[in-house]
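K.L.:
I'd like to go over a predicted model; first the sequence, then the structure.
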Amino acid sequence: MERERLGSRLGFILLSAGCAIGLGNVWMFPYRTGQNGGAVFVLFYLLFLVIMGIPVMTMEFALGRASQKSPARLYHALEPKGSKWHIHSYAALAGNYLLMMFYTSVTGWLLKYGVGTAAGDFEGLDKKGIETYFASIKADPLLMVILVAIVVCLGFFVCSFSLQKGIERITKYMMSALLVIMVVLAINSCFLPGGAEGLKFYLVPDFNKVQEVGLLNVIVAAMNQSFFTLSLGIGSMAIFGSYIGKERALMGESVRVAVLDTFVAITSGLIIFPACFSYDVDVNAGPDLIFITLPHVFNNLPFGRVWGTLFFVFLIFAAFSTVLAIFENLISCTKDLFGWSRKKASLINCAIMFVLALPCALGTNLLSFIKPFGAGSNIMDFEDFLVSNLLLPLGSLTFIMFCSHKFGWGWKNFIKEANTGKGLKFPEKIRPYIAYVLPVVVFALFILGLYSFFA
């Protein structure tokens with residue numbers, strides 16, 4: 001069966017960026033920045049993006065393009081005979097399913113918020129009323145199941161068309177609209193009365209604020225964020241490498257995707273922090289910042305219903321771009337494993353994904369008695385822990401070792417593939433860093449992440 005191809009380089013960049021751009025940028029990045037001292041956290045985040053994120057993304061692209069396979073089969077095509085690297089294939093496939101098991105629920109919340117904001121559900125509600133509104137969504141099992149079903153069915157419906165006519169076409173329009181909406185919201189937010197203080201918190205480093213949090217905590221949080229935001233370690237990027245030709249060197253493509261991803265994250269902060277300071281909202285509100293705090297801000301803004309609707313449409317586009325990209329990964333993996341057609345793979349995966357997503361959808365209502373980490377935790381916390389704290393860092397470590405050592409694919413093979421084509425080349429002389437320093441950094445991230453989570 002001939003492998004499908006993307007129709008354009010722009011499609012590849014927007015699809016890859018769409019996979020990276022999601023709730024990690026527009027939900028997690030702002031609240032982590034607020035919790036970790038503002039601008040200093042942003043500086044560390046950018047540093048780790050360069051020294052860790054871009055190299056690993058280039059490796060994933062190279063593995064996909066060289067093998068012309070999905071993550072389920074790429075090791076089988078590239079590993080030395082008799083080796084067991086392909087065991088990671090199954091962990092990567094499981095990671096994609098796991099990620100969507102809870103990501104579809106959060107995307108469902110956003111759908112409800114987008115419709116609710118446009119309908120005026122938040123008008124007249126104080127912060128307590130908004131908290132009750134959010135709690136009522138999570139507590140309603142039928143509503144949660146319906147929202148997840150909409151996300152899953154719509155995602156696989158788009159992916160069921162050919163690569164170019166389905167996901168590539170939709171993502172181009174969706175990502176373009178997302179970027180325009182973000183810029184409009186950021187400009188509006190920056191001109192709010194008192195917004196300058198928010199910009200100062202966000203863009204001017206203040207090490208006194210870091211002392212309050214602890215420098216080590218800030219560094220670990222920044223490493224985690226730079227790692228999570230690019231969806232690295234479970235083959236989410238490798239699949240798009242398998243859909244492109246040899247015309248462009250892959251380092252330059254990784255940089256472009258990372259820049260687009262970072263632009264969305266930084267712009268999210270430009271939307272949120274001036275608004276928080278303008279309306280005296282605690283920037284340390286944590287995960288509730290978007291779902292509880294910001295609707296209260298929009299209630300007090302002139303034309304707040306319009307701005308709020310735009311904001312949640314932007315969030316839905318960001319989340320759905322990741323849903324489409326991961327669903328495409330699942331379809332491609334099952335096509336490679338079982339020889340199914342795209343339509344058959346879409347239909348079967350749709351049914352499987354819906355069933356797998358039910359525990360999380362019901363985890364805040366009918367299954368709320370399940371508390372994996374004690375009081376206050378739920379099924380989503382457990383699934384997120386497995387992906388963020390285990391599969392992403394250990395998967396990235398596997399890709400790094402496979403690409404940089406002779407007992408894997410090897411440095412020469414990786415460099416040859418990564419540097420084929422025009423554009424920015426991967427520097428060959430940094431092999432000692434990639435082979436020996438970067439694995440230590442990633443493993444340290446893994447250990448510190450576990451310590452931070454359980455502490």
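P.N.:
That came through, no problem. Residues are numbered from 1 along each chain as shown.
K.L.:
counting contacts, what elements does the helix of greatest length in the chain pack onto?
P.N.:
As assigned by DSSP state H, the longest helix anywhere in the chain is helix 304-338. Judged by 3 or more CB pairs under 8 Å, 6 or more residues apart in numbering; DSSP states H and E, helix 304-338 is in contact with helix 9-20, helix 23, helix 87-119, helix 141-159, helix 169-190, helix 238-241, helix 294-300, helix 342-361. C-beta here means a position set from N, CA and C on the backbone, and glycine is covered the same way.
K.L.:
any idea of the angle the longest one forms with helix 304-338?
P.N.:
Put simply, helix 87-119 runs at 160 degrees to helix 304-338, going by axes from the mean of the first three to the mean of the last three CA atoms, to 10 degrees.
K.L.:
can you give me how far helix 87-119 is from the chain middle?
P.N.:
10 Å (CA atoms, centre = their mean, to the nearest Å).
K.L.:
Would you mark the buried spots in that helix?
P.N.:
Neighbour-count burial for helix 87-119, counted by 16 or more other CB atoms under 10 Å, picks out 88-89, 91-93, 95-114, 116-117.
K.L.:
is it true that L230 touches V255?
P.N.:
No: using CB atoms under 8 Å as the test, L230 is too far from V255 to be in contact (11.9 Å).
K.L.:
Give me the more crowded residue out of those two.
P.N.:
Taking other CB atoms under 10 Å, L230 and V255 do not tie; L230 has more neighbours (30 against 16).
K.L.:
can you tell me which residues contact the more buried one?
P.N.:
Neighbouring residues of L230 by CB atoms under 8 Å, 6 or more residues apart in numbering: 20, 49, 53, 56-57, 237, 257-258, 261.
K.L.:
I'd like the residues you listed written out as TSV, with secondary structure, neighbour count and pLDDT added.
P.N.:
Shown next, in TSV, are the contacts of L230 (DSSP: H, G, I helix; E, B strand; the rest coil; neighbours: other CB atoms under 10 Å; pLDDT from 0 to 100):
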residue	secondary structure	neighbour count	pLDDT
A20	helix	28	67
L49	helix	23	91
G53	helix	27	90
V56	helix	24	93
M57	helix	30	93
M237	coil	29	87
V257	helix	28	87
A258	helix	23	89
D261	helix	25	86
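K.L.:
what two of those are the furthest from one another?
P.N.:
Pairwise distances across the contacts of L230 (CB to CB) peak at 14.2 Å, for the pair L49 and M237.
K.L.:
helix/strand/coil for P71?
P.N.:
Each residue gets one of three states, and P71 gets coil by DSSP: H, G, I helix; E, B strand; the rest coil.
K.L.:
That one - how many residues pack around it?
P.N.:
Neighbour tally, P71, other CB under 10 Å: 31.
K.L.:
Pull the contacting residues for it.
P.N.:
Contacts of P71 by CB under 8 Å, 6+ apart are 64, 89, 92-93, 96, 234-235, 238-239, 329, 333.
K.L.:
For the residues you listed, point out the one with the lowest pLDDT.
P.N.:
When the contacts of P71 are compared on pLDDT, I239 comes out lowest, with 84.
K.L.:
Now it: closest residue in space that isn't a chain neighbour?
P.N.:
Nearest non-adjacent residue to I239, counting by CB to CB, 6 or more residues apart in numbering: N329, 4.7 Å away.
K.L.:
where's L111 relative to F369, distance?
P.N.:
27 Å (CB to CB, to the nearest Å).
K.L.:
what about stretch 35-48, distance to the chain center?
P.N.:
On CA atoms, centre = their mean, the centre of stretch 35-48 falls 18 Å from that of its chain.
K.L.:
Same check on stretch 31-39?
P.N.:
For stretch 31-39 - counting by CA atoms, centre = their mean - the centre lies 18 Å from the chain centre.
K.L.:
now stretch 57-71
P.N.:
The mean C-alpha position of stretch 57-71 is separated from the chain mean by 19 Å, CA atoms, centre = their mean.
K.L.:
re the thing from before, name the nearest of the contacts of L230 relative to A77.
P.N.:
M237 (16.9 Å).
K.L.:
For the closest one, which non-adjacent residue is spatially closest?
P.N.:
Nearest non-adjacent residue to M237 (CB to CB, 6+ apart): E60, at 3.9 Å.
K.L.:
residues in contact with that neighbour?
P.N.:
Neighbouring residues of E60 by CB under 8 Å, 6+ apart: 232, 235-238, 241, 399.
K.L.:
and the closest residue to L78 other than its chain neighbours, how many neighbours does it have?
P.N.:
Leaving aside its sequence neighbours, L78 sits nearest to W409 (CB to CB, 6+ apart; 4.9 Å). By other CB under 10 Å, the residues close to W409 number 28.
K.L.:
again with F240
P.N.:
Around F240 there are 27 residues (other CB under 10 Å).
K.L.:
If you drop the residues flanking it in sequence, what lies closest to it?
P.N.:
Distances taken as CB to CB, 6+ apart put S16 closest to F240, at 4.8 Å, once the chain neighbours are dropped.
K.L.:
Relative to N329, how far out is that neighbour?
P.N.:
12 Å.
K.L.:
for F402, same thing?
P.N.:
Counting by CB to CB, the gap from F402 to N329 is 18 Å.
K.L.:
out of those two, which sits in the more crowded spot?
P.N.:
N329 (30 against 23).
K.L.:
Just list the residues touching the more buried one, thanks.
P.N.:
Contacts of N329 (CB under 8 Å, 6+ apart): 70-71, 96, 235-236, 239.
K.L.:
repeat for M144
P.N.:
M144 neighbours (CB under 8 Å, 6+ apart): 105, 108, 137-138, 361-362, 364-365.
K.L.:
can we see that at 7 Å?
P.N.:
105, 108, 138, 361-362, 365 (CB atoms under 7 Å, 6 or more residues apart in numbering).
K.L.:
try N378
P.N.:
Applying CB under 7 Å, 6+ apart to N378 gives the contacts 363-364, 368, 370-371.
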